[in-house]
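Trainee: Sequence and predicted structure below; questions after.
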Amino acid sequence: MTYELKPYPIYKDSGVPWLGKLPEHWHLRRLRNVTEMRVSNVDKHSKEDEQPVRLCNYVDVYKNDRIRCRMPFMRATAGSAEISRFRLQKGDVLITKDSEAWNDIGVPALVEESADDLICGYHLALLRPFANGILGDYLFRALQSTGVAYQFHVEANGVTRYGLSHSAIKSIWLPFPPLPEQAAIVRFLDFADRRIGRYIRAKQKLIKLLEEEKQVVIHRAVTCGLNPNVNFKPSGVEWLGEVPEHWEMVPNRALLRLEKRLVGKASGDYLLLSLTKRGVIPRDMENPEGKFPTSFDTYQEINSGDLVFCLFDIDETPRAVGLSKLHGMITSAYTRLSCDPSVVDWVHFFYLAMDNGKRLKPLYTGLRKVITKSVFLSAKMPLPPVSERGSILAYVEASNVTAEAAIDRARREIDLLREYRTRLIADIVTGKVDIREASATLPDELEAETLEGKDVLQEEEEVSGDDEVEGSVEEVEI
C-alpha cells in the first residue's frame, strides 16, 4: 500500500536548528512543560528490610522499544517510598541518562504494561506525561526522532562516561502538534513499524539459513570430501565419526606449533586484534567505543597466517577458532598456533566446522569447560591427500563467496531499512510531511500483531529493494 505524503501548506521557523521548520499550527514545548521527570536512585542490591521488586534497568530500555511485564527483569528490593515514586505506569517513557557512549544517551522506551512490583532502575529517567497534554506514545516517537535525539547528544557531558543533568533533560525542545495529530502520527508510525517488522523477520530467517548452509557445506566437505561414492572407515575419534578410508588421521601437534611471543611495552607498531564471529578483526572495528588496555605486557604477537584458538570457556565465546589475515597483537587469553601454509586453510576450516557444530565438547575438562593445550595437541584430525585437499578447499571457498554475497546484500538492505525508518520518524515527528489523511485511512489490525523492539530493528533485518533514502519522505510504501 503506497501513500503519497505531501508537506503541510504553511510552515514557520521553530528557532531550534535541530528541528528546522514546523507546521504553522504546531507549537514548541520544553520537556519540563509536558512531563514530570523522575530520576531513579534504586540500585540493584537486595535488603532484608525492603520489599521485593522487579527493576527495569538500562539494558531493558536500550534493547527494547517497548516495556512489557513478561520481560525478564532483574529481581531486587526497594523501600515503599521508592516503589511508590518509581513504579512504572502505562504511557510512561523511560530514557537512558548515563552511558559510556554519547550517542547512547536519551534512548527511549515506551511502557506498554505495568505491574505493582515493576519499577524504574538506576541510570534511567522516568518521564510521565501530564494529563491532557501529550500522549505517551507520541512522546516516545518524538524522542526517537533525530531532531530531539541530537539535543540530548550535545548536552551529554563526560570523557569516559557521559551523562545528562536534570536541567538538560527538562530543557529539551519537542515539536508539539495538537492531540488529534499526535494520535494520527502514532497510528501511522506504529502501522509502518509493523510492516518493517515483517521485512525484518523474513530477512533474519534468510541470513540464518544462509549461515546454516555455509556450516553444512564446510562440515560435509572437511569430513566426507567431494566424492559421494567414497568408502569410509572409523576415524578412531569419538567426536568425529567416520572419514574417507584413504584419508590420514594425524595429531594436531604434527601440524601445529604452539608459540607465544609477548609484545611487551612496544605496542605502538601493533594493531589490537580480537576473535569474533567474523574471525580475527581489528578491535577498533569491532567496538569503536571500547576501552583499550593501559598496558600490553601480557599481549602476544599475531602474524598473518596464524591460527587463533580460544580453548577456555568454549561455550561462552562467539567463536573458538580464527585465521588471522593481519599482523597485530591479541590478549594472552587466546592460544596462538602457527601452521605450515600448505595446511593452514584446511586446519582452519576443519576446526571451524567442529566449533560450529559444538563437536569439541568431548575434549572439555573441568567445570570451566576448557580444553587443555596438551589435550588439544594430542587430538587427531583428518588430512586428505594434497590434490584432494586443494579441490575441497576451492569448493568450500567458492560456496562461501556465494553465500557471503547473499548475506552482505541482506545486511545492506538492513542498513537501508534502518536509515529509512529513522528518516520516516524524523520527517513525520517534525511535520515535514502531513500524514493525517493517510493515518485516517489505515486498516485496523489485530492487536496480537505487536511491534518489535530494538533487538529486531537493529540486528539482522531486511528492507525490500535498493532504493536510496534522499530528501524528505514523500512516498511511503507500507
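Mentor: The structure has been received and is ready for your questions.

Trainee: and stretch 32-49, how far apart are its ends?
Mentor: 35 Å (C-alpha to C-alpha, to the nearest Å).

Trainee: how distant is that stretch from the center of its chain?
Mentor: 27 Å (C-alpha atoms, centre = their mean, to the nearest Å).

Trainee: List the buried residues in that stretch.
Mentor: Using 16 or more other C-beta atoms under 10 Å as the test for burial, stretch 32-49 gives 34-35, 39-40, 42. All C-beta spots, glycine's among them, are computed from the backbone N, C-alpha and C.

Trainee: average pLDDT for that stretch?
Mentor: Mean per-residue pLDDT for stretch 32-49: 89.

Trainee: from the buried residues of stretch 32-49, which ones fall inside strands?
Mentor: Counting by DSSP state E, the buried residues of stretch 32-49 place 35, 39 in strands.

Trainee: Out of the buried residues of stretch 32-49, the closest to residue 428 would be?
Mentor: Closest approach between the buried residues of stretch 32-49 and residue 428, by C-beta to C-beta: residue 34, at 18.5 Å.

Trainee: residues in contact with that closest one?
Mentor: Applying C-beta atoms under 8 Å, 6 or more residues apart in numbering to residue 34 gives the contacts 129-130, 133-134, 139, 174, 176.

Trainee: Apart from its chain neighbours, what residue comes closest to it?
Mentor: Nearest residue to residue 34, sequence neighbours excluded (C-beta to C-beta, 6 or more residues apart in numbering): residue 134, at 4.4 Å.

Trainee: Please tell me how far that neighbour sits from residue 106.
Mentor: Here residue 134 is placed at a distance of 17 Å from residue 106 (C-beta to C-beta, to the nearest Å).

Trainee: before we move on, what about residue 195?
Mentor: Per C-beta to C-beta, residue 195 is found 26 Å from residue 106.

Trainee: neighbour count winner among these two?
Mentor: Per other C-beta atoms under 10 Å, whichever of residue 195 and residue 106 has more neighbours is residue 106, with 25 against 13.

Trainee: hmm, back to that, now distance to residue 255 too, for the buried residues of stretch 32-49, in a markdown table please.
Mentor: Shown next, in a markdown table, are the buried residues of stretch 32-49 (distance: C-beta to C-beta, whole Å):
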| residue | distance to residue 255 |
| --- | --- |
| 34 | 68 |
| 35 | 65 |
| 39 | 59 |
| 40 | 56 |
| 42 | 56 |
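
Trainee: one step back: check for me that the residue nearest to residue 34 belongs to a helix.
Mentor: No - counting by DSSP: H, G, I helix; E, B strand; the rest coil, residue 134 is not found in a helix; it is coil.

Trainee: How much space separates it from residue 36?
Mentor: 11 Å.

Trainee: same deal with residue 186?
Mentor: Distance, residue 186 to residue 36, by C-beta to C-beta: 20 Å.

Trainee: about what we covered before: ok, the residue nearest to residue 34 - contacts?
Mentor: Residue 134 touches 29, 34-35, 174, 176, 182, counting by C-beta under 8 Å, 6+ apart.

Trainee: Which two among those are spaced furthest apart?
Mentor: By the measure C-beta to C-beta, 35 and 182 form the most distant pair in those, at 13.5 Å.

Trainee: quick one: low-confidence ranges for this protein?
Mentor: Counting by pLDDT under 70, the chain shows low-confidence ranges at 1-3, 264-268, 284-294, 312-319, 367-368, 445-478.

Trainee: which stretches of it form helices?
Mentor: 31-34, 58-63, 80-86, 136-144, 146-155, 166-170, 179-224, 283-286, 344-356, 373-378, 386-429, 436-440, 454-457 (DSSP state H).

Trainee: Can you name every helix or strand that the fifth one contacts?
Mentor: For helix 146-155, the elements it packs on are helix 166-170, strand 173-176, helix 386-429, judged by 3 or more C-beta pairs under 8 Å, 6 or more residues apart in numbering; DSSP states H and E.

Trainee: how much does the last one deviate in direction from helix 146-155?
Mentor: Looking back up the chat, that one is helix 386-429. Angle of helix 386-429 versus helix 146-155, following axes from the mean of the first three to the mean of the last three C-alpha atoms, to 10 degrees, is 100 degrees.

Trainee: Helix 386-429 - contacts with which helices or strands?
Mentor: helix 136-144, helix 146-155, helix 179-224, helix 344-356.

Trainee: how about the CA coordinates for the shortest one, as PDB?
Mentor: In PDB, the C-alpha atoms belonging to helix 136-144 read as follows (Å, rounded to 0.1, in the frame of the first residue of the first chain):
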ATOM      1  CA  GLY A 136       3.000   8.900  26.000                       C
ATOM      2  CA  ASP A 137       3.100   7.200  22.600                       C
ATOM      3  CA  TYR A 138       3.800  10.400  20.800                       C
ATOM      4  CA  LEU A 139       6.400  11.500  23.400                       C
ATOM      5  CA  PHE A 140       8.200   8.200  22.700                       C
ATOM      6  CA  ARG A 141       8.100   8.800  18.900                       C
ATOM      7  CA  ALA A 142       9.300  12.400  19.400                       C
ATOM      8  CA  LEU A 143      12.300  11.200  21.500                       C
ATOM      9  CA  GLN A 144      13.100   8.700  18.800                       C
END
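
Trainee: who's residue 39 bridged to?
Mentor: Beta-bridge partners of residue 39, counted by DSSP bridges, are residue 125.

Trainee: ok, it touching residue 166?
Mentor: Yes - between residue 39 and residue 166 there is a contact at 6.3 Å, judged by C-beta atoms under 8 Å.

Trainee: Check the gap between residue 438 and residue 191 for me.
Mentor: For residue 438 relative to residue 191 (C-beta to C-beta), the value is 9 Å.

Trainee: Can you get me the start-to-end distance on stretch 104-115?
Mentor: Stretch 104-115 has an end-to-end distance of 27 Å (criterion: C-alpha to C-alpha).

Trainee: actually stretch 71-88, not the one I typed
Mentor: End-to-end distance (C-alpha to C-alpha), stretch 71-88: 14 Å.

Trainee: mind listing what's buried in that stretch?
Mentor: So stretch 71-88, judged by 16+ other C-beta under 10 Å, has buried residues 73, 76-78, 82-83, 85-88.

Trainee: Widest-spaced pair of these?
Mentor: Pairwise distances across the buried residues of stretch 71-88 peak at 17.8 Å for 73 and 85 (criterion: C-beta to C-beta).

Trainee: picking that back up, need the contacts of residue 134 in TSV (columns: distance to residue 379).
Mentor: Listed next are the contacts of residue 134 as TSV, based on distance: C-beta to C-beta, whole Å:
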residue	distance to residue 379
29	67
34	65
35	61
174	62
176	67
182	64
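
Trainee: Fine by me, we can end here.
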